[in-house]
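Engineer: could you look at this predicted model? Sequence included:
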Amino acid sequence: MPRQPMTCQFDLFSAPQRGKTAGTPQWPELPEETRQALTVLIVRLFVDHAKCGHASQQKEAGHDA
């Protein structure tokens, strides 16, 4: 008898018509600690991206002079 999986993993690359993947949970359905951790990671991503853009703008401006 095949073993039944205990958890579902999101399959980001399958065709949507397969219907075997778990649905994406909505934000309010996530545990509070998960929402807090994701918020910290998203803010870090934005800040790091903004720093990268700012640094490249300074570098390009330096070449103009």
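Structural biologist: Arrived safely, thanks for sending. Note that the structure is a prediction, hence the values are computed from the model and not measured. Numbers count the residues shown, from 1 in each chain.
Engineer: may I have the phi/psi pair for the nearest residue to R35 once chain neighbours are set aside?
Structural biologist: If the residues on either side of it in the chain are set aside, R35 comes closest to W27, at 6.7 Å by CB to CB, 6 or more residues apart in numbering. Yep, even glycine has a C-beta here, placed from its N, CA and C like the rest. When read as degrees, to the nearest 10, the backbone of W27 gives phi -50, psi -50.
Engineer: please report the distance of W27 from K51.
Structural biologist: 27 Å (CB to CB, to the nearest Å).
Engineer: just the helices in this protein please.
Structural biologist: With DSSP state H as the criterion, the chain has helices at 32-64.
Engineer: sketch out the low-pLDDT regions of it for me.
Structural biologist: Filtered on pLDDT under 70, the chain yields the residue ranges 1-7, 9-12, 14-22, 54-65.
Engineer: one more time with 50, if that's ok
Structural biologist: Regions of the chain meeting the criterion pLDDT under 50 cover residues 65.
Engineer: ok, C52 - contacts?
Structural biologist: If you count contacts by CB atoms under 8 Å, 6 or more residues apart in numbering, C52 has none.
Engineer: tell me how far it lies from T24.
Structural biologist: Between C52 and T24 the computed distance is 28 Å (CB to CB).
Engineer: swap in L30?
Structural biologist: In terms of CB to CB, L30 sits 11 Å off from T24.
Engineer: can you check V40 too?
Structural biologist: Per CB to CB, V40 is found 20 Å from T24.
Engineer: ok, these two, which is more surrounded?
Structural biologist: Set V40 next to T24 and count neighbours by other CB atoms under 10 Å: V40 wins out with 10 against 7.
Engineer: what count of nearby residues applies to A37?
Structural biologist: A37: 12 neighbours (other CB under 10 Å).
Engineer: nope, K51 is what I meant
Structural biologist: 10.
Engineer: check V43 too.
Structural biologist: Around V43 there are 10 residues (other CB under 10 Å).
Engineer: and what of R35?
Structural biologist: A count of nearby residues for R35, using other CB under 10 Å, gives 13.
Engineer: pretty sure it contacts E29?
Structural biologist: No - taking CB atoms under 8 Å as the definition, R35 is not a contact partner of E29, at 9.8 Å.
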